[in-house]
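S.K.: Here is a sequence together with a model predicted from it:
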Amino acid sequence: MNQTAIAVNGSGLNCDVVAAVARDGAFVTVTPQAVERARQAWEVVREVATRQPVYGRTTGVGANRNVLIEDDAAHGLRVLRSHSGGAGPLMSAETVRAMLIVRLNQIAAGGSGVDPDVLGALADVINRWLIPPIPAYGAIGTGDLTALASTALCLIGERPWQGNVVGAHFPLRPADALAFISSNAATLGESALACRDVLELLRVSIPVTGLSLLAVQGSAEAYAAPVHAGCPHPGRRRVADAMRGLLEGEELKPARIQDPYGYRAFPQVHGPAVDAVENAETVVTREINASSENPLVDVANRTVWHNGNFHTAYVGLGLDAVRAAMFQTAALSAARLGTLVEPTFTGLQPFQAAPGEPGSGIMILEYVAHSAIADIRRLATPSALGSAVLSRGVEEHAGFSTQSARATTEAVTAYRIVLACELIAAVRALRMQGREPSGRLGEVFARSADALDSAVEDRALDGDISSAADLLPRLAPYGVY
């Protein structure tokens, strides 16, 4: 349990902080300024509702937006109950906790008009590890209505928390029902975790590529600063810089005038992935600190604005680009793996089989890697290519950022397997060659060698793949660009 305290104030939340709360259990508090900001918005929206229609408070929702509501208490409960009908397997606990911290921060930013007491309630839910049972299917990128309605029903005590835990009943006024659920907090929470994970794996790929380069007696010439100054995309320049830093001090004796694309074009292919995930991270960070509410409560002008801030097109498009770039760089990892089973590149038996044996060695790693890459390719289909017309035609577009976030999460799992396969092959080749890198790559090799089985006889490699996948996060600091 992480005892770090996170003071939520409606700004300053980032993907690392979301992960610290969702996965590590960082303790959450809410600043007095955030409570006061939420209180002012709550007072303003109640005042405005006495003199003009406010969507979801004094009117129905969706196609019922023109229906005026007199009993807001009964209406609010109807909204929660009717919108909580998701389906499918339950979201993971970490995704739900990511949703909770994002929604807490959004309400703290002001603009929702939700009762400020909800801030303390949500913080308590997070700190007590209460998990609302939320089915995965129900959102399309225009509001995580089913997820947040299910959460609200747990808050008011109408539904039990996951595991049939009966928690204390927390305050959520029925009049605030639509304001509470009008958010993409679940999509944004999952997006934040996915960005963090992709960024970590992209960093890991750099030292793994360095080990592979040594194992095939490759050249560092493709990473020279003048090469990348000639076409100065930010990502590729930083990747090349990181490769040069890792290879510094190594006695490289290139075996060929130029290497295959897996090495020679690594910055050009990996760089776009770095740029894509950093763009997506910027977008997600902006969203999780925004007042993306409909209607938006404007305290300064004492009014509300009906708007389309709930539409997360930026997030979906950003993550779509991440998966496309991830596929490209994962395919390059598989290409390097292909060189590591070839005697002409390693000087070893085919497939790095044990000396004197016509064995299969690491042959199966190529199949495993390409199986994982096939999933990344499938998941790379842009979610933004879909659309939908809903609620009797009044909600006539959707960007499916929710599906983009879920696909990115799944692609992370597959990419981790691809890199694990390459790491096993590179470390095994260097061991069998009797070579040990120096400097920072030497540290990477030592950590990897300690974690991976040194036996080379034909045997099941599933344990090796699992060990390598678990090791990857510890190698990420060596790939900082």
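M.R.: Happy to help now that I have it.
S.K.: Pull the residues that contact whatever helix or strand residue 46 lives in.
M.R.: Here residue 46 sits within helix 32-48, counting by DSSP states H and E. Applying C-beta atoms under 8 Å, 6 or more residues apart in numbering, the contact partners of helix 32-48 are 8-10, 54, 57, 107-116, 118-120, 175-176, 179, 295, 297-299, 302-304. Yep, even glycine has a C-beta here, placed from its N, CA and C like the rest.
S.K.: Residue 366 and residue 29, how far apart?
M.R.: Counting by C-beta to C-beta, to the nearest Å, the separation of residue 366 from residue 29 is 50 Å.
S.K.: Could you do residue 271 as well?
M.R.: Residue 271 is 40 Å from residue 29, by C-beta to C-beta.
S.K.: ok, those two, which is more surrounded?
M.R.: residue 271 (25 against 14; other C-beta atoms under 10 Å).
S.K.: Next up, identify which helix or strand the more buried one is on.
M.R.: Going by DSSP H and E, residue 271 is in helix 266-288.
S.K.: do residue 28 as well
M.R.: Assigned by DSSP H and E, residue 28 falls in strand 27-30.
S.K.: Quick check: neighbours of that strand in the sheet, parallel or antiparallel?
M.R.: strand 5-8 (parallel) (DSSP bridges).
S.K.: got the CA positions of the helix holding residue 46 in CSV?
M.R.: Presented in CSV, the C-alpha positions along helix 32-48 are these (Å, rounded to 0.1, in the frame of the first residue of the first chain):
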residue,chain,number,x,y,z
PRO,A,32,-10.3,23.3,1.0
GLN,A,33,-10.0,25.5,-2.1
ALA,A,34,-11.5,22.6,-4.2
VAL,A,35,-14.4,22.2,-1.8
GLU,A,36,-15.1,25.9,-1.9
ARG,A,37,-14.9,26.0,-5.7
ALA,A,38,-17.4,23.1,-5.9
ARG,A,39,-19.7,24.8,-3.3
GLN,A,40,-19.8,28.0,-5.3
ALA,A,41,-20.8,26.1,-8.5
TRP,A,42,-23.4,24.2,-6.5
GLU,A,43,-25.0,27.4,-5.2
VAL,A,44,-24.9,29.0,-8.6
VAL,A,45,-26.6,26.1,-10.5
ARG,A,46,-29.4,26.0,-7.9
GLU,A,47,-30.0,29.7,-8.3
VAL,A,48,-30.0,29.5,-12.1
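S.K.: what helix or strand does residue 255 sit in?
M.R.: Residue 255 belongs to no helix or strand, assigned by DSSP H and E.
S.K.: Verify the contact between it and residue 213 for me.
M.R.: No. Using C-beta atoms under 8 Å, residue 255 makes no contact with residue 213, being 11.0 Å away.
S.K.: neighbour-wise, which of those two wins?
M.R.: Summary of the neighbour comparison: residue 255 and residue 213, criterion other C-beta under 10 Å, with residue 213 having more neighbours (28 against 13).
S.K.: on that earlier part again, what's the average pLDDT for the strand holding residue 28?
M.R.: In this model, strand 27-30 carries a mean pLDDT of 98.
S.K.: In PDB, could you pull the C-alpha coordinates for that strand?
M.R.: Only the C-alpha atoms of strand 27-30 are listed here, as PDB (Å, rounded to 0.1, in the frame of the first residue of the first chain):
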ATOM      1  CA  PHE A  27      -4.000   8.200   0.000                       C
ATOM      2  CA  VAL A  28      -6.400  10.900  -1.300                       C
ATOM      3  CA  THR A  29      -7.400  14.200   0.300                       C
ATOM      4  CA  VAL A  30      -9.300  17.200  -1.100                       C
END
